[in-house]
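Participant: just a sequence and a predicted model for now, questions to come.
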Amino acid sequence: MRATEVRPTGVERTFGEDELIVTKTDPRGVITYTNDVFLRVSALTEEQAVGRPHSLIRHPDMPRAVFQLLWDTLGRRQEIFAYVLNLAVDGAHYWVFAHITPSFDRTGRLLGYHSNRRRPAAAAVQTVGSVYARMLDEERRRSRTPDAVAAGTAVLEQILGEHGRTYDELVWDITDGSAR
Amino acid sequence: MRSVPPAGTGPEDAIRLVTEVCERAANGDLEARVPALGDTAGAPELRVAVNGLLDHIDAFVRESGAASTAAAEGRFHRHFLTQGLDGAYRTAAEQITHANQVMSRTAAQFADAARARQALADELESAVLTASEQVATAATEMGRSANGLADFARSAVTDAERGLGTVSSLRTSSEEIRHAVDLINQVAAQTRLLALNATIEAARAGSAGRGFSVVASEVKNLANETSSSSEEIMNQVNTVQQSAADAIAVLEAVTNRIREMSDLVDGIAVAVDGGHRSGDGGLSRLAEVLRSEVSRFVTTIRQS
Ligand SMILES: Cc1cc2nc3c(=O)[nH]c(=O)nc-3n(C[C@H](O)[C@H](O)[C@H](O)COP(=O)(O)O)c2cc1C
């Protein structure tokens, strides 16, 4: 049930404005907890989700460089915000504004990661979608994964440079600028 | 976390599992979630409700921690995401957002003030640097001029003193001349007397003394001439003496003036170069002190 095995149907799914999609993973990204909203939107049962890698709902149109940035940031024990396109196992897709944070125990040891996802504004999705399309375009010209990641990262950095913003600042610009 | 319960999870097990999770969460372990509770009536709903509660508390805690940290680090673009949080959560979130906005404004004002202070510090520094350089240059020039003036005054006094000496020796010489002339006058008077006696003796000698009488008369004429030239010399000497006295008075006045001027110039030199007593700062030293004090001040301002 890898995302690559699911055929996108092109059907867009949304969820409630005041709903939170919650999952927790272990330090390697294996799902340890999901809330009911996640299961409903991803068309999964709890048994299908828990114990599986989070790439379970990976959409093929998501640039690799975004996940690289995600893991690099988490590796520095920092939070990250990212717009992510997910693929439900029934082939529908849904956009989320994800906030991923590391979880620590009292001694500061990493327990795993936690993701809260909110419904993004349509305008934000449109902006992010065009950025991701440019990244994806470059990534798909590379056959080796590291080359693809590097190419996507270069596009992202170029766009950030054009705007004179850091990744974080750009994400918040997009979020605030499209606030409903 | 096990989501599949051991077969035959009954109501007691469900209650125990929920109680455990609530206790862990109460103790601040927000990783705890209720596992599957079996299919006792209401158990699945209870699980979703408790986990939903924990998810919201978890979200609130993560947001408030991260948003406040971001604000404290000056990353004001990262604000509290209230979406998905309601009621008291949202109210508290809005309060935190407001506090962060105030912090952000304060930080911006602080940054403005700091920028203004930096600019002022730069201006002050360059102004003081220019001023103290000019003062130092002026001080060097003034010091050089004062020293030149002092040398000049000293040599003027020396020259005047030498002039005084010369004029004084002139007076002494004229005194000696007067003595010599007195002596000549005395000799002339005696000569005249001698000539008179000679004339009388020649007359008595009759025709034999006629030649001698002529000589005696010549001698008398010479003595008379000597007397009158002596008188003339005495007049000249008197004039010279009077002039010398005048010259001495003038030279003394000039010397005194130059000495006074020399004291004033020394005063200027001390003000410029600093005296030789310890702790005395001349102008250049003062400019140096001013510059280092201002640079210390400016450094402090830049660091604050
Ligand atoms: C807490 C957490 C949540 C994640 N959520 C998603 C998600 O919703 N969608 C997704 O595609 N990847 C998610 N990821 C990233 C995946 O672990 C994975 O890196 C990504 O799907 C890329 O997979 P791939 O490297 O196999 O292409 C999440 C990771 C963590 C740690």
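Facilitator: All right, it came through fine.
Participant: show me what contacts B:Val237?
Facilitator: B:Val237 sits next to B:174, B:177-178, B:181 when contact means CB atoms under 8 Å, 6 or more residues apart in numbering or on different chains. Every C-beta, even on glycine, is put in place using the N, C-alpha and C of the backbone.
Participant: go again with 10 Å.
Facilitator: Contact partners of B:Val237, counting by CB atoms under 10 Å, 6 or more residues apart in numbering or on different chains, are B:173-178, B:180-181.
Participant: now do A:His93
Facilitator: Applying CB under 10 Å, 6+ apart to A:His93 gives the contacts A:6, A:8-13, A:57, A:59, A:61, A:85-87.
Participant: most surrounded residue in the residues you listed?
Facilitator: In terms of neighbours by other CB atoms under 10 Å in any protein chain shown, the contacts of A:His93 top out with A:Ile57 at 28 neighbours.
Participant: which phi and psi values does the nearest residue to that one once chain neighbours are set aside adopt?
Facilitator: Leaving aside its sequence neighbours, A:Ile57 sits nearest to A:Asn86 (CB to CB, 6 or more residues apart in numbering or on different chains; 4.5 Å). When read as degrees, to the nearest 10, the backbone of A:Asn86 gives phi -110, psi 160.
Participant: wait, isn't A:Asn86 in contact with A:Met62?
Facilitator: Yes. If you go by CB atoms under 10 Å, A:Asn86 and A:Met62 touch, sitting 8.2 Å apart.
Participant: in helices, which of the contacts of B:Val237 appear?
Facilitator: Among the contacts of B:Val237, DSSP state H puts B:173-178, B:180-181 in helices.
Participant: what about the one helix or strand A:Ser103 maps to, average pLDDT?
Facilitator: Element membership for A:Ser103 (DSSP states H and E) is strand A:93-104. What strand A:93-104 shows for mean pLDDT is 97.
Participant: relative to the whole chain's centre, how far out is the next helix or strand after it?
Facilitator: Next helix or strand after strand A:93-104 toward the C-terminus (DSSP H and E): strand A:110-118. In terms of CA atoms, centre = their mean, to the nearest Å, the centre of strand A:110-118 is found 12 Å from the chain centre.
Participant: ok so, going back, export the contacts of B:Val237 to JSON lines and tack on neighbour count?
Facilitator: Formatted as JSON lines, the contacts of B:Val237 follow (neighbours: other CB atoms under 10 Å in any protein chain shown):
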{"residue": "B:Ser173", "neighbour count": "14"}
{"residue": "B:Ser174", "neighbour count": "20"}
{"residue": "B:Glu175", "neighbour count": "12"}
{"residue": "B:Glu176", "neighbour count": "11"}
{"residue": "B:Ile177", "neighbour count": "16"}
{"residue": "B:Arg178", "neighbour count": "15"}
{"residue": "B:Ala180", "neighbour count": "13"}
{"residue": "B:Val181", "neighbour count": "19"}
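Participant: pull the most distant pair out of the residues you listed.
Facilitator: With distances taken as CB to CB, the most widely separated pair in those is B:Ser173 and B:Val181, at 12.5 Å.
Participant: for the record, mean pLDDT for the strand or helix carrying B:Ala198?
Facilitator: Per DSSP H and E, B:Ala198 falls inside helix B:87-204. Average pLDDT, helix B:87-204: 87.
Participant: helix or strand right after that helix?
Facilitator: helix B:210-273.
Participant: alongside chain A, which residues does the stretch 51-200 of chain B contribute?
Facilitator: By CB under 10 Å from any CB of the partner chain, the part of the stretch 51-200 of chain B that sits against chain A consists of B:51-52, B:54-56, B:58-59, B:62-63, B:65-66, B:69-70, B:75-79, B:81-86, B:90.
Participant: residue at max distance from the center of chain A?
Facilitator: The centre of chain A is farthest from one residue, A:Thr107, which by CA atoms, centre = their mean lies 28.6 Å away.
Participant: got the contact list for that one?
Facilitator: With CB under 10 Å, 6+ apart, A:Thr107 has no contacts at all.
Participant: and it, its phi and psi?
Facilitator: According to degrees, to the nearest 10, A:Thr107 has phi -90, psi 0.
Participant: how about the helices in chain A?
Facilitator: Taking DSSP H as the criterion, chain A carries its helices at A:36-42, A:46-49, A:64-75, A:122-139, A:145-163, A:167-177.
Participant: need those in JSON lines (columns: mean pLDDT, mean neighbour count and distance to B:Thr299).
Facilitator: Shown next, in JSON lines, are the helices of chain A (pLDDT from 0 to 100; neighbours: other CB atoms under 10 Å in any protein chain shown; distance: least, CB to CB, whole Å):
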{"stretch": "helix A:36-42", "mean pLDDT": "98", "mean neighbour count": "20", "distance to B:Thr299": "57"}
{"stretch": "helix A:46-49", "mean pLDDT": "96", "mean neighbour count": "17", "distance to B:Thr299": "60"}
{"stretch": "helix A:64-75", "mean pLDDT": "97", "mean neighbour count": "17", "distance to B:Thr299": "38"}
{"stretch": "helix A:122-139", "mean pLDDT": "96", "mean neighbour count": "17", "distance to B:Thr299": "45"}
{"stretch": "helix A:145-163", "mean pLDDT": "96", "mean neighbour count": "16", "distance to B:Thr299": "35"}
{"stretch": "helix A:167-177", "mean pLDDT": "94", "mean neighbour count": "17", "distance to B:Thr299": "33"}
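Participant: closest to chain B out of the ones you listed?
Facilitator: Closest approach to chain B among the helices of chain A (CB to the nearest CB): helix A:167-177, 4.3 Å.
Participant: got the CA coordinates for that closest one in CSV?
Facilitator: Extracted in CSV, the C-alpha atoms of helix A:167-177 (Å, rounded to 0.1, in the frame of the first residue of the first chain):
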residue,chain,number,x,y,z
TYR,A,167,12.2,29.2,3.9
ASP,A,168,10.4,29.8,7.2
GLU,A,169,9.7,33.4,6.3
LEU,A,170,8.3,32.5,2.9
VAL,A,171,6.0,29.8,4.4
TRP,A,172,4.6,32.3,6.8
ASP,A,173,4.3,35.0,4.1
ILE,A,174,2.2,32.6,2.1
THR,A,175,0.2,31.6,5.1
ASP,A,176,-0.5,35.1,6.4
GLY,A,177,-1.0,36.5,2.9
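Participant: strand A:110-118 and that one, what's the angle between them?
Facilitator: In terms of direction (axes from the mean of the first three to the mean of the last three CA atoms, to 10 degrees), helix A:167-177 departs from strand A:110-118 by 30 degrees.
Participant: helix A:167-177 packs against which elements?
Facilitator: Counting contacts by 3 or more CB pairs under 10 Å, 6 or more residues apart in numbering or on different chains; DSSP states H and E, helix A:167-177 packs against helix A:64-75, strand A:80-87, strand A:93-104, helix A:122-139, helix A:145-163.
Participant: now with 7 Å, please.
Facilitator: helix A:122-139, helix A:145-163 (3 or more CB pairs under 7 Å, 6 or more residues apart in numbering or on different chains; DSSP states H and E).
Participant: adding distance to A:Thr34, write these out as TSV.
Facilitator: Listed next are the helices and strands packed on helix A:167-177 as TSV, based on distance: least, CB to CB, whole Å:
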stretch	distance to A:Thr34
helix A:122-139	23
helix A:145-163	27
